[in-house]
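*Asks:* I'd like to go over a predicted model; first the sequence, then the structure.
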Amino acid sequence: MPRRPRHRYTAATADKYLLYQKAVQSPEADLELLARVFRRERGRRARRLREDFCGTALLSATWLAMHREHFAEGFDIDPEPVAWGLAHNFEPGDAARCRLHLKDVRAAGDVQPDLRIALNFSYWVFHTRRELLEYFLRARQSLAADGMFAIDLYGGPDATEELEERRKCGGFTYVWDQARFWPGTAEYTCHIRFEFPDKSSLKAFTYNWRFWSLSELRDVLYDAGFTRVETYFEGTDAKGEGDGEFKRGVRGENCAAWLAYLIAFV
Ligand SMILES: C[S@@+](CC[C@H](N)C(=O)[O-])C[C@H]1O[C@@H](n2cnc3c(N)ncnc32)[C@H](O)[C@@H]1O
């Protein structure tokens, strides 16, 4: 009987988009929370999603799978992850309910979204307040009359330390490398690396971001014309780790690292 290889992944065979999705994304949890908040706030179901910085558009594909009346638009300037996502994440019949645009997130879409999202901190690509304000302004203007815009962020003293965080992910280790932070400008360079049981490793992604704080972001959202901005903070488990449960809060908890969504309403 042929023996199964002990390890599925090595740097030579691994697919960086697949490993990214496995290690970093939780599309069902994100969308269930945001759909629940929308329904509670607006008294109806959100149907049209706009996913900014969509990459492989996993959230758009998951949104379509959640309900037959769901529609999704995704925006990303890089054709490579978008092509990967089209090949791997979607069902054959999805095309009629989804449009992926190879465009900047500040570009207009085809429909007015009920729920517009920019997750995994991708909007930190905007280094100046002027760029961020323009993006938030366009996001607000694009929404349906009762639409909602959601972004995520993290913070706490660990967030700007130059450190590596490692997590075993079943067959590979995900490494988040906070390589550089400059306090004077908040320039923030991070890498994602995957390490494998055969000792090989794959440098997969680099982000040259600006680190934005929660209060700065809330101010810019209000300046962009949103009338209400709510924070949903992740809770902590008995070990002090994030428990994946997000609750509305105002002040948050002063822990070493925290994660939150900012949800902005028109
Ligand atoms: C961190 S990935 C996000 C992947 C995925 N959406 C997620 O939530 O994990 C960031 C993506 O943003 C895209 N991107 C960067 N700047 C952009 C811009 N100005 N407009 C559209 N996409 C942009 C990159 O091509 C990349 O695919």
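*Replies:* Right, received. Where do you want to start? What you see is a predicted model, and the numbers here were worked out from it, not measured in a lab.
*Asks:* tell me the residues of the stretch 51-200 of the chain that contact the ligand?
*Replies:* 53-55, 75-78, 81, 104-105, 119-120, 122, 125 (C-beta under 6 Å from any ligand atom). Where you see a C-beta, it was placed from the backbone N, CA and C, and this is true even at glycine.
*Asks:* by average pLDDT, which secondary structure element in the chain comes out worst?
*Replies:* Counting by mean pLDDT, DSSP states H and E, the weakest-scoring helix or strand in the chain turns out to be strand 242-249, with a mean of 94.
*Asks:* contacting residues around that strand?
*Replies:* With contact meaning C-beta atoms under 8 Å, 6 or more residues apart in numbering, strand 242-249 is reached by 26, 29, 33, 230-237, 258-261.
*Asks:* helices along the protein, start to end?
*Replies:* Using DSSP state H, the helices of the chain run over 16-24, 27-42, 58-66, 79-88, 129-142, 214-223.
*Asks:* tell me which of those is the most buried.
*Replies:* Comparing the helices of the chain by mean neighbour count (mean count of other C-beta atoms under 10 Å), helix 58-66 ranks first with a mean of 23.
*Asks:* that helix vs helix 79-88, what angle?
*Replies:* In terms of direction (axes from the mean of the first three to the mean of the last three C-alpha atoms, to 10 degrees), helix 58-66 departs from helix 79-88 by 20 degrees.
*Asks:* would you mind measuring from the residue nearest to Arg39 when sequence neighbours are not counted to Arg228?
*Replies:* Spatial nearest neighbour of Arg39, chain neighbours left out: Arg45 (5.9 Å); criterion: C-beta to C-beta, 6 or more residues apart in numbering. Using C-beta to C-beta, to the nearest Å, we find Arg45 at a distance of 20 Å from Arg228.
*Asks:* also Cys98?
*Replies:* For Cys98, the distance to Arg228 - C-beta to C-beta - is 29 Å.
*Asks:* please say which of the two ends up with more neighbours.
*Replies:* Using other C-beta atoms under 10 Å, the more surrounded residue of Cys98 and Arg228 is Cys98, with 21 against 12.
*Asks:* show me what contacts the more buried one?
*Replies:* The contact partners of Cys98, by C-beta under 8 Å, 6+ apart, come to 57, 60-61, 64, 71-74, 90.
*Asks:* swap in 7 Å and give it another go.
*Replies:* When the contact criterion is C-beta atoms under 7 Å, 6 or more residues apart in numbering, the partners of Cys98 are 60, 64, 72, 90.
*Asks:* buried by neighbour count, from the contacts of strand 242-249: which ones?
*Replies:* Buried subset of those (neighbour count, 16 or more other C-beta atoms under 10 Å): 33, 230-234, 258-261.
*Asks:* sort out for me which of these are in strands.
*Replies:* Using DSSP state E, 230-234, 258-261 are the members of those that sit in strands.
*Asks:* list just the nearest of these to Ala159.
*Replies:* Closest approach between those and Ala159, by C-beta to C-beta: Trp258, at 8.4 Å.
*Asks:* what's the closest one in contact with, if anything?
*Replies:* Trp258 neighbours (C-beta under 7 Å, 6+ apart): 154-156, 233-234, 252.
*Asks:* ok, now with 6 Å
*Replies:* By C-beta atoms under 6 Å, 6 or more residues apart in numbering, the contact list for Trp258 reads 155-156.
*Asks:* what pLDDT does it get?
*Replies:* At Trp258, the pLDDT value in this model is 96.
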